[in-house]
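Asks: coordinates only, sequence not included:
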């Protein structure tokens, strides 16, 4: 049996196959005769492949501010100063700032910070380097990333993401400041997450007068 392929394509993805039967090994004498009806024609389908591809870029969304960051977006982030007001020996002073973060990094991300304690010239207010609870009349400076009741300041993390603060910054009413610390660590890709940084300051009767400030630099590092 000899198959001769027609050069005429019936439709996209389909060809004709012509079948002719011969009676001799030289393939010269068709059993079915010659002319019309001497061979059969059938439609045979063919196939080809299309490869569809796309690229997903590495992404990190990160922002800081004192307001405007929501549980889903950095779009409204604004503000660079978290004022504590006039520090007092009789009541704790507080303030807040915000952090927004999300990434598709397979091994997640870490947020760290650097900076110095509250300082006025050569005078400083002691940092809560090992963690502390608020104690009026004592020099203290620190923060956490939780809602607190003593004093009342801050909010718990919010958003579709699942990341939470590390232990040292994840305890209500316990504040800490230790430059270089990691405050949030997450081991997988995570959706948007809003963190509220709650700052605490107390002073002693002997704290020298002055304008005290602390500049905190926040760094988010993804692990792709």
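Replies: Yes, it's here. In this text, all values refer to a predicted model and were calculated from it rather than measured experimentally. Numbers count the residues shown, from 1 in each chain.

Asks: in the protein, which spans are strands?
Replies: For the chain, the strands defined by DSSP state E cover 2-5, 14-20, 40-45, 60-65, 93-103, 109-115, 119-120, 123-124, 140-144, 148-149, 152-153, 182-186, 190-202, 216-222.

Asks: Just the pLDDT for residue 33.
Replies: What the model reports as pLDDT for residue 33 is 54.

Asks: could we number from 2 for the rest of this?
Replies: Got it, first residue is 2 now, which makes that one residue 34.

Asks: Reformat the strands of the chain as CSV; add distance to residue 131.
Replies: Placement of C-beta: from N, CA and C, glycine included. Converted to CSV, the strands of the chain look like this (distance: least, C-beta to C-beta, whole Å):
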stretch, distance to residue 131
strand 3-6, 85
strand 15-21, 79
strand 41-46, 76
strand 61-66, 25
strand 94-104, 20
strand 110-116, 17
strand 120-121, 19
strand 124-125, 16
strand 141-145, 10
strand 149-150, 18
strand 153-154, 20
strand 183-187, 16
strand 191-203, 14
strand 217-223, 18
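
Asks: So which of these is the most surrounded?
Replies: Highest mean neighbour count of these: strand 141-145, a mean of 26 (counted as mean count of other C-beta atoms under 10 Å).

Asks: pLDDT of it, averaged?
Replies: If you average the pLDDT over strand 141-145, you get 98.

Asks: Counting by contacts, list what it packs against.
Replies: In terms of contacts (3 or more C-beta pairs under 8 Å, 6 or more residues apart in numbering; DSSP states H and E), strand 141-145 is packed against strand 191-203.
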